[in-house]
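Peer 1: Would you be able to build a 3D model of this:
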Amino acid sequence: MGFNAFHYGVNAVCFQKNERKYGMICSWATQVDYDRIVLLLGAQSVTGRNIAKGDIIGVSVLSTLQHDVMSKLGFQHSHEVDKFADLNYTLEDSAILIKDASIAMVVEVLDILHLPGIEEDSLVYALIKSHAQSGAPMLALQDVD
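Peer 2: Residues are numbered from 1 along each chain as shown. Have a look, this model is predicted:
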């Protein structure tokens, strides 16, 4: 990735659907209103391809002490390996929340957009239904080796 206009966070997007757990790391995420967020999920993501309008998913902003969580969720695809085997998480409805994250949010997917120039990717627009903050500092992608 060449130009970096912003600081990118390390956000775990996780949920359970049809008795399967899905999880990925999304750095292209932002809050767009007091209770709304957007996430840009790449077309190659098995997790992203399984998210649908109306789904309840977890978005956990990882803390600086959660490099290991980033590694487990950020590599390989959810259909190839159990990414949650050694992770400390909770399940709220279908949302998987990573314990000890800086912020853990349960969100409802309101819409999934495919915009010109990024047609293959999914821009997920979601409503924050609930959130919890741990007070731990947030992990930034720029801080990862």
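Peer 1: Where does pLDDT dip in this protein?
Peer 2: By pLDDT under 70, the low-scoring segments of the chain are 1-2, 145.
Peer 1: in it, which spans are helices?
Peer 2: In the chain, the segments counted as helices under DSSP state H are 46-49, 67-74.
Peer 1: Any figure for the gap between Y34 and I128?
Peer 2: For Y34, the distance to I128 equals 8 Å [CB to CB, to the nearest Å]. In short, each C-beta sits where N, CA and C put it, glycine included.
Peer 1: ok, now L115?
Peer 2: L115 is 22 Å from I128, by CB to CB.
Peer 1: just D82 next, same as before
Peer 2: Taking CB to CB, one finds D82 at 28 Å from I128.
Peer 1: more crowded one of these two?
Peer 2: I128 (17 against 12; other CB atoms under 10 Å).
Peer 1: isn't that one right next to V38, touching?
Peer 2: No: at 11.6 Å, I128 does not count as touching V38 under the criterion of CB atoms under 8 Å.
Peer 1: residues in contact with the spatially closest residue to L113 that is not a sequence neighbour?
Peer 2: Closest residue to L113 apart from its sequence neighbours, by CB to CB, 6 or more residues apart in numbering: L123 at 4.3 Å. Contact analysis of L123 by CB atoms under 8 Å, 6 or more residues apart in numbering lists V38, L39, L40, I112, L113, H114, L115.
Peer 1: try 7 Å
Peer 2: Residues in contact with L123 (CB atoms under 7 Å, 6 or more residues apart in numbering) are V38, L40, I112, L113, L115.
Peer 1: Ok, L115 next?
Peer 2: L123.
Peer 1: And for D100, the neighbour number?
Peer 2: Neighbours of D100 (other CB under 10 Å): 15.
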